[in-house]
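>>> This is a predicted model, with the sequence first.
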Protein chains: 2
Amino acid sequence: MKLDQKDIQILRLLQNNARLSNKELAAELNIAPSTCHERLKKLTQEGYFKEFNADLNLKKLGINIEVLVAVRLKRHEREIVNSFIKKLKSLDGIIRFYHLAGDTDFMLHVAVENSNSLRSFIMDELANFSYIDHIESSIIYHSECLHNLSYNNVIL
Amino acid sequence: MKLDQKDIQILRLLQNNARLSNKELAAELNIAPSTCHERLKKLTQEGYFKEFNADLNLKKLGINIEVLVAVRLKRHEREIVNSFIKKLKSLDGIIRFYHLAGDTDFMLHVAVENSNSLRSFIMDELANFSYIDHIESSIIYHSECLHNLSYNNVIL
DNA sequence: TTTTACACTGAACAATATTCCGTATTTTTG
DNA sequence: CAAAAATACGGAATATTGTTCAGTGTAAAA
């Protein structure tokens, strides 16, 4: 399936505001709501969307520190890596994780209340996984979602 | 403003599916749609939501490689950092960036079509910024959003 | 105990979503 | 190039949902 300009516009608009109504989308594209509805339905069915997330205002929840935690494991068998991922999913405070090739095996985006919670997260929750070789945390001053993707040289 | 169990549930549900309708939310919470609507309105007005994003299926867009790019700058004056951020915002392929304290100044989550596009991104787009000291890219095998946050010891 | 504030519900109304059909436009095919 | 097929479109009808509001009950404050 090939995407035309209108499809791309739908993807772009929803990427930046996932709660746009069909009517609003149609207005932006200058097409009838029924037409827009059909296109969105098709894009959804074809699997162009992975998920729709609400980004919460962490400050309002009393979460004041965000860090990137680089983790290196001692071993890299599938079984061990899978159990580490399972552990990550059970931990409170992990917003997102990246499984990487290279020196660092995992990069974790962690959000916690304060420096004590961070200390506890690292020492009590993370470090007790058997195969951890190295942990290094960096405070995040600021992070931002850009969504600067392109399709056929058209920037979304 | 204090959040009760119902509020927390709304945040949690929308975090995982930002396109849930008010009716669906109300059904999950076992309250009337009108009540749910009022609560959501309040949460929105109070600024509990930063944004609503659609995560696109990158494979479907022909984007096959994701990398984390660690960038170290030579200098850290506000003016230089700001101009670097401005540059990031203008580049095609950056999904998200983190501005960090520590050895690495910026971590970029980059998505490109193939290894040639990556090479071009690094060499032609990124490396020509004047104050770059060091660039190191790591391939992302897998990344995942977890949203494991908590509020008053209640996991969202 | 009285008062006040607040969350809640259901009903009424407004707006939007969704379906469907006839038409126009484009693409394919002979 | 022309005929046929496929696709995209808009508008109207209907179904569903959003939104407002007044009244009720309950819990906190006076």
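Right, received. Where do you want to start? Numbers count the residues shown, from 1 in each chain, chains lettered A, B, ... in the order given.
>>> how deep is residue A:81 tucked in, by neighbour count?
For residue A:81, the count of nearby residues is 17 (other C-beta atoms under 10 Å in any protein chain shown). (Glycine included, C-beta is placed from N, CA and C.)
>>> which residues does it contact?
Contact analysis of residue A:81 by C-beta atoms under 8 Å, 6 or more residues apart in numbering or on different chains lists A:73, A:99, A:105.
>>> Show me what the first one is bridged to.
With DSSP bridges as the criterion, residue A:73 is bridged to residue A:132.
>>> For the contacts of residue A:81, which single residue is the most surrounded?
Most neighbours among the contacts of residue A:81, by other C-beta under 10 Å: residue A:105, with 24 neighbours.
>>> ok, the nearest residue to that residue once chain neighbours are set aside - contacts?
Excluding the flanking residues, the one nearest residue A:105 by C-beta to C-beta, 6 or more residues apart in numbering or on different chains is residue A:73, at 4.9 Å. By C-beta under 8 Å, 6+ apart, residue A:73 lies in contact with A:80-81, A:84, A:105-106, A:131-133.
>>> Name the strands paired with the helix or strand of chain A with the lowest mean pLDDT and say parallel or antiparallel.
Least confident helix or strand of chain A, by mean pLDDT, DSSP states H and E, is strand A:154-155 with a mean of 81. With DSSP bridges as the test, strand A:154-155 is paired with strand A:150-151 (antiparallel).
>>> and which of the contacts of residue A:73 is nearest to DNA strand D?
Closest to DNA strand D out of those is residue A:106 (38.2 Å), distances taken as C-beta to the nearest atom of the strand.
>>> neighbours of that closest one, just the number please.
Using other C-beta under 10 Å, residue A:106 has 21 other residues around it.
>>> and it, how far is that from residue B:2?
Between residue A:106 and residue B:2 the computed distance is 35 Å (C-beta to C-beta, to the nearest Å).
>>> and whichever residue of chain A sits closest to DNA strand D, how far is that from residue B:54?
Distance from DNA strand D to each residue of chain A (C-beta to the nearest atom of the strand) is smallest for residue A:34, at 2.9 Å. For residue A:34, the distance to residue B:54 equals 21 Å [C-beta to C-beta].
>>> Between the two, which is the more surrounded one?
Ranked by neighbour count (other C-beta under 10 Å), residue A:34 and residue B:54 place residue B:54 first, with 24 against 9.
>>> Surely the more buried one is in a strand?
Yes - looking at residue B:54 with DSSP: H, G, I helix; E, B strand; the rest coil, it is inside a strand.
>>> Just the pLDDT at it, thanks.
Residue B:54 is assigned 97 on the pLDDT scale.
>>> repeat for residue A:153
81.
>>> what's the neighbour count on residue A:89?
Quick note: residue A:89 (other C-beta under 10 Å) scores 12 neighbours.
>>> Check the one 5 residues further on too.
The burial metric for residue A:94, expressed as a neighbour count using other C-beta under 10 Å, is 25.
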